[in-house]
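[1] only geometry, no sequence info:
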């Protein structure tokens, strides 16, 4: 819209009953829907596979050639490639970006986006964790290791919680 009309349109939206919201609301909704944020969950240094966006790559037909396919195929075959997962905090606290994840006997990862989910009434996060088959880990919150469970994403779809098991 033309910048000169921004104030007028804002007033019209308010008059029509549209409630303003800020970045906090956007982040809560995007986190519950497990939608990546550029600069947090992905950027030019993170492959789509490491950002949980492998579904966006058209691998078929097999002879389909695109820039970067060879490197992406190498990454896809790498058994040590980090997984992009959802986390549910099992203890009291709030998960935040850049907190360290510890998987005993496996390695470490990092939360890329985290916060409190009002729909689930718990803290959730998106994270990159070490490769492996495990469902539990710990997060370093101010020097204390808190328990997290790895859960499928999105956390919420169409207003319904998608996490199975005990909340």
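    Thanks, I have it. On a predicted model such as this, the values are computed, not experimentally measured, just so you know.
[2] Return the helix or strand in this protein with minimum mean pLDDT.
    Each helix and strand of the chain was given a mean pLDDT (mean pLDDT, DSSP states H and E); the minimum falls on helix 23-32 at a mean of 92.
[3] For that helix, enumerate the helices and strands it packs against.
    strand 107-117, strand 122-129 (3 or more Cβ pairs under 8 Å, 6 or more residues apart in numbering; DSSP states H and E). Bear in mind the C-beta positions are built from the backbone N, C-alpha and C, glycine included.
[4] right, and the helix or strand after the shortest one?
    Of the helices and strands lying after strand 122-129 in sequence (DSSP states H and E), the nearest is strand 136-141.
[5] residue ranges of the strands in the protein, please?
    Secondary structure of the chain (DSSP state E): strands located at 83-89, 100-103, 107-117, 122-129, 136-141, 144-151, 156-157, 160-161.
[6] most tightly surrounded among those?
    strand 122-129 (a mean of 24; mean count of other Cβ atoms under 10 Å).
[7] Quick one: residues in contact with it.
    Around strand 122-129, the neighbours that count as contacts under Cβ atoms under 8 Å, 6 or more residues apart in numbering are 31-32, 34, 36, 41, 50, 52, 82-89, 93-96, 99, 101, 103, 109-117, 137, 139, 148, 150, 153, 155, 167.
[8] correct me, but residue 117 touches residue 153?
    No - look at residue 117 against residue 153 with Cβ atoms under 8 Å: they stay out of range, at 11.9 Å.
[9] which ones are touching the closest residue to residue 90 other than its chain neighbours?
    Residue nearest to residue 90 in three dimensions, not counting chain neighbours: residue 147, with 4.1 Å by Cβ to Cβ, 6 or more residues apart in numbering. If you count contacts by Cβ under 8 Å, 6+ apart, residue 147 has them with 89-91, 136-138.
[10] tell me the contacts of the nearest residue to residue 56 once chain neighbours are set aside?
    What sits nearest to residue 56 in space, not counting adjacent residues and going by Cβ to Cβ, 6+ apart, is residue 48, at 5.9 Å. Neighbouring residues of residue 48 by Cβ under 8 Å, 6+ apart: 42, 54, 56-57, 72.
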